[in-house]
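Asks: Turn this into a model:
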Amino acid sequence: MPIAFSCPACSAPLSIDDQHAGATVNCPQCNSPMIVPQVAPQIIYVSQPRERNREHTPHPGIAVVLSFFWPGLGHLYCGHFFSGFFWMLFHGAMVFIGMLALLAPPRWGADNEMAQHRAEAAIVALLFFGFAGLSWLTAMFGAYFAARTTRYR
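Replies: Numbers count the residues shown, from 1 in each chain. So this is what the prediction gives:
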């Protein structure tokens, strides 16, 4: 394996076989004597793989099951506290407003007005329960992906 170096006097690029390492030779350009450098051993650095925190690596299945029971629990399990509390409060508010709309007492008046009010309340309740269902599904998907990104980081 050739040793590549340069002449200290004229800076000419030189190459010589490694069996001449440490020998004194003359430069072919300027004819000045020089010592061929020793072959430095090649050091190969092998990095150790990063140790993952083995104490808590969230499992995506557990995160989904927790979010199934209450949206946001899976995020809290993964350590994503802000999004966990957001989903808990958002889903709770949707269910609460939907229940209020369903259980709201009718306004007093003619029978047709009461029926219209009940229909409006049912529509509002369905809207909020629909949003609660969407937030429930979205929180489960979010918990799954939060656990995957936390686990394989």
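
Asks: Count the residues that sit near residue 88.
Replies: Residue 88 is flanked by 19 other residues according to other CB atoms under 10 Å. All C-beta spots, glycine's among them, are computed from the backbone N, C-alpha and C.

Asks: Give the full set of residues in contact with the residue located most distally from the centre of the chain.
Replies: Residue distances from the centre of the chain (CA atoms, centre = their mean) peak at residue 31, which lies 62.1 Å from the mean C-alpha position. By CB atoms under 8 Å, 6 or more residues apart in numbering, the contact set of residue 31 is empty.

Asks: For the chain, which segments are assigned as strands?
Replies: 2-6, 13-17, 24-26, 33-35 (DSSP state E).

Asks: Assess the claim that residue 85 and residue 72 are in contact.
Replies: Yes - Residue 85 sits in contact with residue 72 when judged by CB atoms under 8 Å, with a separation of 6.5 Å.

Asks: Which parts of the protein belong to which domain?
Replies: Domain segmentation of the chain under automatic domain parsing yields 2-35, 60-151.

Asks: which residues of the chain score low on pLDDT?
Replies: 1, 40-56, 106-112, 151-153 (pLDDT under 70).

Asks: redo that, cut-off 90
Replies: 1-59, 70, 78-79, 92, 94-95, 97-126, 128-133, 135, 146-153 (pLDDT under 90).

Asks: what are the ranges of the helices in it?
Replies: 60-69, 73-78, 81-103, 111-151 (DSSP state H).

Asks: For residue 11, which of those is the nearest?
Replies: Among the helices of the chain, the nearest to residue 11 by CB to CB is helix 111-151 (53.1 Å).

Asks: so what's the closest residue to residue 150 other than its chain neighbours up against?
Replies: Ranked by CB to CB, 6 or more residues apart in numbering and with sequence neighbours excluded, the top spatial neighbour of residue 150 is residue 78, at 5.0 Å. Neighbour list for residue 78: 58, 63, 84, 143, 146-147, 150 [criterion: CB under 8 Å, 6+ apart].

Asks: For the residue nearest to residue 66 when sequence neighbours are not counted, give its distance to residue 85.
Replies: Nearest non-adjacent residue to residue 66, counting by CB to CB, 6+ apart: residue 73, 3.9 Å away. Applying CB to CB, to the nearest Å, the value for residue 73 to residue 85 is 11 Å.
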